[in-house]
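**Q** Pasting the sequence and the predicted model now:
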Amino acid sequence: MAFTFFNTMGRSYQPFKPLQEGKAGFYGCGPTVYNYAHIGNLRAYVLHDILVRSLRRAGIEVNHVMNITDVGHLSGDNDEGADKMVKSAEERGKSVLEIADFYTKAFFNDTDRMNITRPTVVCKATDHIADMIALIERIEKNGFTYFAGGNLYFDITRFPSYGELAMLRLDDLKAGARETSLHYARTGQDENKRNPHDFVLWFTKSKFENQALVWDSPWGRGYPGWHIECSAMSMKYLGENFDIHAGGIDHIPIHHTNEIAQSEAATGKKPWVNFWLHNEFLVLDKEKMSKSGEGFITLQSLIDKGYDPLDYRYFLLGGHYRSQLQFSWEAMQGAKNARKSLIDKVHALFEKIPDKKFSQEDITHRTSGTRHKDAEEEGKPSETSSAPLRLCERLLGFDDAIENDLNTPRALAELWGLLRDNSLEPHMALAAVFDMDRVLGLGLEACVNSEKNAEDGEFTAEIEALIAKRTEAKKAKDFTAADNIRQNLKEMGITLEDGPSGTTWRR
Ligand code: AMP
Ligand code: ZN
């Protein structure tokens, strides 16, 4: 498969070529664990999941790294306000570590329920302070920092491409600086900054009392700025250059802009990251959903209203990740109904398979290069095209949707098209559905497997009952009846073995 992604860096569609063939390094900004994730945050993690699943389905080995922010993230992304973790701990009468632990578990409980694949590496900021200090030392050694008012700052004027990701112009930033310093003086914001876009690498002078977590550093006892954790941890696990970095669009102007500046300032290499993918917001009444605002909806609150977490996943897949998505209860109900029909269709297909046998191999030759070759050789789809060719076209359409910037609404339409085509061979169609679901993650195979297992369970009970009857018959010296039962079971593919501790059976 040949992927094309919309790269925020440069704002264009670009063909994806991993730095190392067959492998991809991916870093997705993780949660700040001071509260539950809201359903808007979960949109970001569904994008990460679709990306990882798509690459893996295409045979690319993905190293997916996610951070857990448990220190340094202030209420304003731009070093303003109180530390979100400390504030939450104070409000709840717990320690910062207790809060972090509680909400980290809650986060993964949510993502597991939404069938979001766990990252290969999950790394906590507080476990990587030494890595952050080492990186800040490199940035300092390369001359990009200044120390003022007890904190170490990154000087953006030393980094000419600052703001490239967000398309900010350095000239404008410099001109804005004079005005903003007056504004700072008036509003009491951080006057130590030479430019309002400079950012803290290491705080020693806490802006608020009782900063709970502090560490020794070359700049004094304190704690890291928020952005440095992502630079330090991504490079630790993925190397100094890696393939893809993702997050919500709110991260473009500050967090990711600052991550790039400090990473490239430390290594001297550019570009640090090849592809930047950003998801648009989930909005409620046109307002971005946020952890501190009104209308904070969690996954649990959807469940409490009778929705399955996968209904919400289905709802999200119905919008392209780069378009704003409006949440409403009507739309949620629509997603719930659609997913129910989807499952019914899958069950109906399963019922049509006489021996209940289907396997990935049924379509394997079509999921490889031959799939593309077949279609090319056989020409364009026509009214008279054969069922296997139509199945092949559906899979091609699905691949095309996913390859082209992860277009899940179009991919879902291909899945529906396949399910509505009654002329396809059920075992082939089902195998294709499951192949598509390797990306969509709607748990379709699991629903059929649970039915299959239930049937297997019934089957086992039936066998056990017949064996018990045969034992009774033997006890009663009715050998004809006992032999008949053995024969019946044989016809069902079951072989009996009589041993000293009773009768055992195997298929
Ligand atoms: P946070 O835990 O606040 O650091 O956010 C976690 C992720 O959710 C980040 O990638 C944010 O950009 C993203 N995010 C925050 N609010 C929304 C929203 N309303 N819709 C979609 N993504 C969001
Ligand atoms: Zn980050």
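**A** Noted; the coordinates are in hand. Ligands and ions are numbered 1, 2, ... in the order given.
**Q** any idea whether the residue lying closest to S359 once chain neighbours are set aside is helix, strand or coil?
**A** Spatial nearest neighbour of S359, excluding adjacent residues (C-beta to C-beta, 6 or more residues apart in numbering): A431 at 6.4 Å. C-beta here means a position set from N, CA and C on the backbone, and glycine is covered the same way. Under the three-state scheme (DSSP: H, G, I helix; E, B strand; the rest coil), A431 adopts helix.
**Q** separation between A431 and P224?
**A** A431 sits 49 Å away from P224, going by C-beta to C-beta, to the nearest Å.
**Q** continuing past the lowest-mean-pLDDT helix or strand in the chain, what's the next helix or strand?
**A** Here the helix or strand of the chain ranked lowest by mean pLDDT, DSSP states H and E is helix 369-378, holding a mean of 46. For helix 369-378, the following helix or strand on the C-terminal side (DSSP states H and E) is helix 387-403.
**Q** Would you mind listing what in the protein touches ligand 2?
**A** C29, C230 (C-beta under 5 Å from the ion).
**Q** how about a cut-off of 8 Å?
**A** 27, 29-30, 67, 69, 226-227, 229-230, 247, 251, 255-256, 259 (C-beta under 8 Å from the ion).
**Q** Any idea how many residues pack against the residue of the stretch 101-250 of the chain found nearest ligand 2?
**A** Closest to ligand 2 within the stretch 101-250 of the chain is C230: 3.3 Å, counting by C-beta to the ion. For C230, the tally of surrounding residues (other C-beta atoms under 10 Å) stands at 28.
**Q** Which residue, neighbours along the chain excluded, lies closest to it?
**A** E259 is the one closest to C230 (C-beta to C-beta, 6+ apart), at 5.1 Å.
**Q** Confirm the one you found sits in a strand?
**A** No: assigned with three-state DSSP, E259 falls outside any strand and is helix.
**Q** tally of neighbours for it?
**A** Using other C-beta under 10 Å, E259 has 26 other residues around it.
**Q** how close does it get to ligand 1?
**A** Distance, E259 to ligand 1, by C-beta to the nearest ligand atom, to the nearest Å: 12 Å.
**Q** How about A465?
**A** For A465, the distance to ligand 1 - C-beta to the nearest ligand atom - is 54 Å.
**Q** for R438, same thing?
**A** 24 Å.
**Q** surely that residue meets G59?
**A** No: using C-beta atoms under 8 Å as the test, R438 is too far from G59 to be in contact (11.7 Å).
**Q** between those two, which one's more packed in?
**A** Taking neighbours as other C-beta under 10 Å, R438 and G59 compare with R438 leading, 15 against 10.
**Q** where's G441 relative to K469, distance?
**A** The gap separating G441 from K469 is 45 Å, by C-beta to C-beta.
**Q** same check, this time on T408
**A** Between T408 and K469 the distance is 53 Å, computed by C-beta to C-beta.
**Q** excluding its backbone neighbours, what's nearest whatever residue of the stretch 151-300 of the chain ends up closest to ligand 1?
**A** Closest contact between the stretch 151-300 of the chain and ligand 1, by C-beta to the nearest ligand atom, is at G248 (2.0 Å). The shortest distance from G248 to any residue other than its chain neighbours is 5.0 Å, reached at A44 (C-beta to C-beta, 6+ apart).
**Q** residues contacting the one you found?
**A** G28, C29, A246, G247, G248, N279 (C-beta atoms under 8 Å, 6 or more residues apart in numbering).
**Q** do the same with R138
**A** A266, T267.
**Q** can you do 7 Å?
**A** R138 is in contact with A266, counting by C-beta atoms under 7 Å, 6 or more residues apart in numbering.
**Q** Domains of the protein: list them as residue ranges, please.
**A** According to automatic domain parsing, the chain comprises the domains 17-279, 308-443, 456-506.
**Q** any idea which of those domains is most buried?
**A** Per residue and on average, the most neighbours among the domains of the chain fall to domain 17-279, with a mean of 19 (mean count of other C-beta atoms under 10 Å).
**Q** neighbours around the residue lying closest to Q324 once chain neighbours are set aside, how many?
**A** Excluding the flanking residues, the one nearest Q324 by C-beta to C-beta, 6+ apart is E280, at 4.7 Å. Counted with other C-beta under 10 Å, residues neighbouring E280 total 18.
**Q** With F5 instead?
**A** Residues near F5, counting by other C-beta under 10 Å: 21.
**Q** where's it, which helix or strand?
**A** Using DSSP H and E, F5 sits in strand 4-7.
**Q** Can you spell out which helices and strands pack onto that strand?
**A** If you count contacts as 3 or more C-beta pairs under 7 Å, 6 or more residues apart in numbering; DSSP states H and E, strand 4-7 packs onto strand 12-15, strand 273-279.
**Q** got these as JSON lines, with mean pLDDT columns?
**A** As requested, the helices and strands packed on strand 4-7 are exported to JSON lines (pLDDT from 0 to 100):
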{"stretch": "strand 12-15", "mean pLDDT": "98"}
{"stretch": "strand 273-279", "mean pLDDT": "98"}
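**Q** With I139 as the reference, name the closest of those strands.
**A** I139 sits nearest to strand 273-279 of all the helices and strands packed on strand 4-7, at 16.9 Å, using C-beta to C-beta.
**Q** ok, and what's touching that closest one?
**A** Residues outside strand 273-279 that contact it (C-beta under 7 Å, 6+ apart) are 5, 7-9, 16, 19, 43-44, 47, 51, 165, 242-249, 251-252, 256, 321.
**Q** For the one helix or strand V65 maps to, C-alpha coordinates in PDB please.
**A** Counting by DSSP H and E, the element that carries V65 is strand 61-68. The C-alpha coordinates for strand 61-68 follow below in PDB (Å, rounded to 0.1, in the frame of the first residue of the first chain):
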ATOM      1  CA  GLU A  61       6.200  -2.600  11.800                       C
ATOM      2  CA  VAL A  62       5.200   0.400  14.000                       C
ATOM      3  CA  ASN A  63       6.900   1.500  17.100                       C
ATOM      4  CA  HIS A  64       4.200   3.600  18.700                       C
ATOM      5  CA  VAL A  65       5.300   5.800  21.700                       C
ATOM      6  CA  MET A  66       2.900   7.700  23.900                       C
ATOM      7  CA  ASN A  67       3.800  10.000  26.800                       C
ATOM      8  CA  ILE A  68       1.800  10.500  30.000                       C
END
